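*Asks:* how would this look folded up:
(3 chains)
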Amino acid sequence: MGDLKLDLDLDALGSDMFRFVEELFPICRSITGEGIRTTLDAIAKRVPLQLHEVPSGTAVLDWEIPREWNIRDAYIKNRAGRRVVDFREHNLHVVGYSSPVSRRMPLSQLKRHLFSLPDQPDLIPYRTSHYSEGWGFSMQHEKLTQLPEDEYEVCIDSTLEPGNLTYGECYLQGDSKKEILISCHCCHPSIANDNLSGIALATQLAEHLQSLELRYSYRFLFIPGTIGSITWLARNEDVIGLVEHGLVVTCVGDPGHPTYKRSRRSDAPIDRAVEHILRHSGQEYEVRDFSPYGYDERQYCSPGFNLAVGSLMRTPNGEYPEYHTSADNLDFIKPECLADSFQLYLHVLDVLENDRAYLNLNPKGEPQLGRRGLYPSVGAQGTSSTLMARLWLLNLSDGEHSLLDIAERAGLPFVAVREAAQALLDGGLLAPVSGSPVP
Amino acid sequence: MGDLKLDLDLDALGSDMFRFVEELFPICRSITGEGIRTTLDAIAKRVPLQLHEVPSGTAVLDWEIPREWNIRDAYIKNRAGRRVVDFREHNLHVVGYSSPVSRRMPLSQLKRHLFSLPDQPDLIPYRTSHYSEGWGFSMQHEKLTQLPEDEYEVCIDSTLEPGNLTYGECYLQGDSKKEILISCHCCHPSIANDNLSGIALATQLAEHLQSLELRYSYRFLFIPGTIGSITWLARNEDVIGLVEHGLVVTCVGDPGHPTYKRSRRSDAPIDRAVEHILRHSGQEYEVRDFSPYGYDERQYCSPGFNLAVGSLMRTPNGEYPEYHTSADNLDFIKPECLADSFQLYLHVLDVLENDRAYLNLNPKGEPQLGRRGLYPSVGAQGTSSTLMARLWLLNLSDGEHSLLDIAERAGLPFVAVREAAQALLDGGLLAPVSGSPVP
Amino acid sequence: MGDLKLDLDLDALGSDMFRFVEELFPICRSITGEGIRTTLDAIAKRVPLQLHEVPSGTAVLDWEIPREWNIRDAYIKNRAGRRVVDFREHNLHVVGYSSPVSRRMPLSQLKRHLFSLPDQPDLIPYRTSHYSEGWGFSMQHEKLTQLPEDEYEVCIDSTLEPGNLTYGECYLQGDSKKEILISCHCCHPSIANDNLSGIALATQLAEHLQSLELRYSYRFLFIPGTIGSITWLARNEDVIGLVEHGLVVTCVGDPGHPTYKRSRRSDAPIDRAVEHILRHSGQEYEVRDFSPYGYDERQYCSPGFNLAVGSLMRTPNGEYPEYHTSADNLDFIKPECLADSFQLYLHVLDVLENDRAYLNLNPKGEPQLGRRGLYPSVGAQGTSSTLMARLWLLNLSDGEHSLLDIAERAGLPFVAVREAAQALLDGGLLAPVSGSPVP
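*Replies:* Numbers count the residues shown, from 1 in each chain, chains lettered A, B, ... in the order given. Next comes the predicted model:
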């Protein structure tokens, strides 16, 4: 059976991922441009990453690759020449994809381009204008309301020009061509949970898996949100049929409990696997149905593809007050939450890698376990669940129930049933059912 | 799409229906005779109504049309010549289908023919003797117990003779021959909720629909209970196969909350449609399973027909204390309850008329709504549910999900999804699936 | 229809069964040997019983018939010659299948062969060593801890030699060769609830049924646990295909509420029948899913057989503190609990014997019950449920619903629906559907 090395040093893992988030935090990312390139270069130092550049204007499904956006500086200066809003202080101050501006204007005119959060007056909101030309600044509401009448100098030193959309792909070859897709968006500027947490977890997962023997092949996508998955889907119609399972990784570092959003199919193997792992995780969790709002699962689960892709997160997008503000920062995410999320992902993959059906070779009556040394010695730790896992396996291994089916019916964790299967295989009581279930 | 003019003036509607109940209230109806003819004539002044007369003795399924019953007067006089029970005071005083009587008798003998409600001593019960010959008087229990010993003159000036069973049928031709059956019983004397409320609602519904463009044809049946539906079924075996959906209208004017009794099939489209409308009605309601006791749904849902006919009522028969007594009168029903029931019926028909499947013409990835002006402008009232309805429609319009399926999965009201479908049709993003689902 | 004589004298039944338990209680049974033979002889005095002897060493499925064990005496004497532990006082004092011993040893060495229950210090535990050679004594913990240092004389006067495994089979021929299996284990020494209660109930049931006309054939197995069912299964592969339904009878005399453990199939007719009877039993009960731990259902439900065998008990094995101790004695079980269990079993068999589908011969509309005297007269006791049972039967007797299906949907007890079916059959309104559903 596949051994995914589930015995983890969670402290070290959490620190590693957190440090990677720290490294990437200052970069001003957008859906195109140097920020995402720099981010992908950092990932590429850790895992094998193929970079793709797709020219502006390329048609991708119903969309078109936009012009590339880059920014060097931006500010609002008062008449006295003091920067009252400064991109160099926080890259959220500039609305993403703002066109270049260099003008003077009175406060009243400027205000049409200023965005703030009246209910969270000390936070800078994250705003973008990807698909409609314009410019703007985001700022703290308390600062905005105190701006005096004045003539302001507005400067956005950006370019919005033909260029490329950039994304990265890390492919790990397994025994089968059937693959598991792990996708995360990399287009947000200095925002920690959404989605540097996802980038760090996906990178760490690829690192962890790359030296292991794998049943499935794995494809990790590091892409700008929406346009990135649309671009990848448009360019990979031949690969799409190989995707058996998938997860969108986002918001995995906050202290909220895990949340799983099912795939559109709602009862795909990935849905069953994640729900099983969460049920046995010993912590509070939530499972919710698919909805066509969220991140790139919207594209993977569009009806023309209908991939079995869910999203395993902690607190979902839009449901924590720090979401899409300057408060989604390095203080908001926790190394131990990153590590816990990582562990859940790895256990889900353990299910996908090892779930298959076996055949009880002595299906009539119970085989005599004692004579084979397979009756756990009384009094040993975990006797009862070890014995029950073996009895359930023997009882349900009629070729129609996979290990996960059996774990679910027995109310036992997958790992216990997988270990029981190994013992019974070693004892000559089980045989794998050929070709079951994939790949 | 079909426009059922859902934008109603509920006050006017409620008053109209209530006035019609008032008009019909004094008539002494039974399962045959002049009372039901007069009632049908009044309905015929409002909607096109075909009247049917079926001769006594005609075999209908397992039954036979009974003799026609008519009554002019009835009373119990004491020796002093005073009417102590008087049909002219309340037509419930006479047991329905009482044979003619003209006799003198002592109290002890008379009492065998007197019916009252000991637990509701001030009410006159509604009793009938349709299928076993006999006679009787109903009266207030408190009055009955005070009758002094005396010789009483008993007179029931009725006739029970070969004649006809009468019923009315209002047929509205739609695009399809497939039809929706709306059935109400018209055989109770001065009882308001059961079922003048149903007669008024069905009549108003036919009036409302008759000028509209309809996908389905509609058949409204105004019939005596049990024998009427049996008669109609016996005479219309060729039509029965065209009935796609149906509702029995009864007890729709009382202040109780709406109750839906499912068809025998229990998951027919009519069942799903009514349950959907009730779930989104914003009021308390109850859905209960089919049971072979109630009104004419018993006949429509008998196993030889098994029509998809449920019953949408307010408080069901037998479950309010005024039921089948003189207290089920004009004080008991409310114009606003009639109007609310009407509105529920019309929304149910809106679902039936407009539910069909569409095909997303850009099924791969989400189409770019912004470029087509289909991304609702931020901040507008209802942005979020408008957007969500469009996203759900696009996601599930794979030809296998109808608008109602989508509304149910999205948790949105049908009307929101129907409006979204119109917008996406207009935007060229959807196409109807031919022939889906009916007719 | 089959009449199982449900009208029972529960007091007499309870006393009968209790007396049989009293008679069998003193016998020292094991999985082989004279104890089980004596027990089977006692059963054979009440019902026709075929005895089987299977020689030691015979291969049965994955197992082998063990040597036969018999015991005459056993004790531990102190140096003073006093029996401090004495088999003649309680046969639980000797570990079942103990090899013969005759030795002197100090306390320290003896203690390795002594078993007690520290948490229940006044009880003797029931222990066996069927499949691994050894010897031991069970005793009260409070007595064990007070044993002084001494040299003890240990004697177990047993034999463990080639012989036979013995079991009994009572077969009652019904109309069909399809059969119902009732199995109980007979291998425990002086333990009342587990499983003299089951032996008494099964014997009583066979007595009750033997004079009745039966649709099914019945096979009662009186066997040693595990090895007995494995032996029977190994020797009866030709019969196994005839077993339609089955129950393992165990722990049916304690005052706990009834518990049903479903068959591996979980929705077999036996599962539906038992659950129906329990739901209408008017008492607290529990239904739990199959699990591959318990008594002989483990073997019947192994995947190579997968028989529709559940277990109807009261408090399950291992879930009452007296379980497998000297406290599971004649004080623990109650005649009225035995009688209640018997009644449940008989009602379950009533369902299995009489469940079939009928056809409403007047399926279009309701037939007129009044004209046939089938409309229950108003005011009579149970009018409403009698009428409802008839209406439900007529409504659902389309050939696709059996009496149990109808009882379940109507929420009525099976017996009410069965009686209604008889009335409608007599009235010419129903006809049996040929071959439905078995046998």
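*Asks:* hmm, what's the outermost residue in chain A?
*Replies:* residue A:371 (48.4 Å; Cα atoms, centre = their mean).
*Asks:* which residues touch it?
*Replies:* Neighbour list for residue A:371: residue C:131 [criterion: Cβ atoms under 8 Å, 6 or more residues apart in numbering or on different chains]. Quick note: C-beta positions are derived from backbone N, CA and C, even for glycine.
*Asks:* swap in the one 4 residues further on?
*Replies:* Shown here is residue A:375, whose contacts under the criterion Cβ under 8 Å, 6+ apart are A:369, A:387.
*Asks:* just residue A:106 next, same as before
*Replies:* Contacts for residue A:106 (Cβ under 8 Å, 6+ apart) come out as A:149, A:150, A:151, A:152.
*Asks:* again, only using 6 Å
*Replies:* Contacts for residue A:106 (Cβ atoms under 6 Å, 6 or more residues apart in numbering or on different chains) come out as residue A:151.
*Asks:* For it, give the beta-bridge partners.
*Replies:* Residue A:106 forms beta bridges with residue A:151, as assigned by DSSP bridges.
*Asks:* In terms of pLDDT, where does it sit?
*Replies:* At residue A:106, the pLDDT value in this model is 97.
*Asks:* Equivalent analysis for residue A:410, please.
*Replies:* Looking at residue A:410, its pLDDT reads 97.
*Asks:* So it sits against residue A:390, correct?
*Replies:* No: between residue A:410 and residue A:390 there is no contact under Cβ atoms under 6 Å: 10.5 Å.
*Asks:* so what secondary structure elements neighbour the strand or helix carrying residue A:347?
*Replies:* Using DSSP states H and E, residue A:347 sits within helix A:335-354. Here helix A:335-354 touches helix A:10-24, helix A:197-209, helix A:269-279, going by 3 or more Cβ pairs under 6 Å, 6 or more residues apart in numbering or on different chains; DSSP states H and E.
*Asks:* From residue A:396, how far out is whatever residue of the stretch 101-250 of chain A ends up closest to chain C?
*Replies:* At 25.6 Å from chain C, residue A:215 is the closest residue in the stretch 101-250 of chain A, using Cβ to the nearest Cβ. In this view, residue A:215 and residue A:396 are 22 Å apart by Cβ to Cβ, to the nearest Å.
*Asks:* between the two, which one's more packed in?
*Replies:* For residue A:215 versus residue A:396, neighbours defined as other Cβ atoms under 10 Å in any protein chain shown are more numerous around residue A:396 (24 against 19).
*Asks:* Which helix or strand contains the nearest residue to that one once chain neighbours are set aside?
*Replies:* Spatial nearest neighbour of residue A:396, excluding adjacent residues (Cβ to Cβ, 6 or more residues apart in numbering or on different chains): residue A:406 at 4.7 Å. Using DSSP H and E, residue A:406 sits in helix A:403-410.
*Asks:* the inter-axis angle of the next helix or strand after that helix versus helix A:403-410?
*Replies:* Where DSSP H and E defines the elements, the next helix or strand beyond helix A:403-410 is helix A:414-426. Orientation check (axes from the mean of the first three to the mean of the last three Cα atoms, to 10 degrees): helix A:414-426 against helix A:403-410 gives 120 degrees.
*Asks:* Can you show me the CA trace of helix A:414-426 as PDB?
*Replies:* Taking Å, rounded to 0.1, in the frame of the first residue of the first chain, the C-alpha atoms of helix A:414-426 are listed here in PDB:
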ATOM      1  CA  PHE A 414      -9.700   4.900   7.400                       C
ATOM      2  CA  VAL A 415      -6.200   4.400   8.700                       C
ATOM      3  CA  ALA A 416      -7.400   1.600  11.100                       C
ATOM      4  CA  VAL A 417      -9.100  -0.200   8.200                       C
ATOM      5  CA  ARG A 418      -6.100   0.300   6.000                       C
ATOM      6  CA  GLU A 419      -3.800  -1.200   8.600                       C
ATOM      7  CA  ALA A 420      -6.100  -4.100   9.200                       C
ATOM      8  CA  ALA A 421      -6.100  -4.700   5.400                       C
ATOM      9  CA  GLN A 422      -2.300  -4.900   5.500                       C
ATOM     10  CA  ALA A 423      -2.400  -7.400   8.300                       C
ATOM     11  CA  LEU A 424      -5.000  -9.600   6.600                       C
ATOM     12  CA  LEU A 425      -3.100  -9.400   3.300                       C
ATOM     13  CA  ASP A 426       0.000 -10.400   5.000                       C
END
